[in-house]
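**Q** what shape does this take:
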Amino acid sequence: MAQMTATAFPTTQGNGSFLSRFIEDRRAARARRAVYTQTVRELGALSDRDLADIGIGRSDIRRIAREAARVA
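**A** Now for the predicted structure:
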């Protein structure tokens, strides 16, 4: 005789469904990525002299972009 096991997964938890939370998380990640990309592009377009004037080394650009995306 075959036996069947049913597992229930909650569809709502807290203030929204799993799918709506997932979609919102993806939108937030996309927005953070856009901030990161824009920051890298804008700082990368500056000359070494301009970067030095504002106290940023070229090697710091990605770190600064990550920080900007994290707080966005």
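**Q** when you work out contacts or count neighbours from here on, use the C-alpha atoms and nothing else.
**A** Fine.
**Q** which elements pack onto the longest helix along the chain?
**A** The longest helix of the chain (DSSP state H) is helix 18-44. The helices and strands touching helix 18-44, judged by 3 or more C-alpha pairs under 8 Å, 6 or more residues apart in numbering; DSSP states H and E, are helix 61-71.
**Q** show me what counts as buried in the helix it packs on.
**A** Along helix 61-71, these residues count as buried under the neighbour rule (16 or more other C-alpha atoms under 10 Å): 61-62, 64-66, 69.
**Q** so for the helix or strand where Arg49 lies, mean pLDDT?
**A** Using DSSP states H and E, Arg49 maps to helix 48-53. Regarding helix 48-53, the rounded mean pLDDT is 98.
**Q** next, work out how far apart the nearest residue to Arg66 once chain neighbours are set aside and Ser47 are.
**A** Once flanking residues are discounted, Arg66 sits nearest to Tyr36: 6.0 Å by C-alpha to C-alpha, 6 or more residues apart in numbering. Distance of Tyr36 to Ser47, given as C-alpha to C-alpha, to the nearest Å: 19 Å.
**Q** more neighbours: which of these two?
**A** Using other C-alpha atoms under 10 Å as the criterion, Tyr36 and Ser47 rank with Tyr36 on top: 22 against 11.
**Q** pretty sure that one sits against Ala69.
**A** Yes: counting by C-alpha atoms under 8 Å, Tyr36 sits close enough to Ala69 to count as a contact (5.2 Å).
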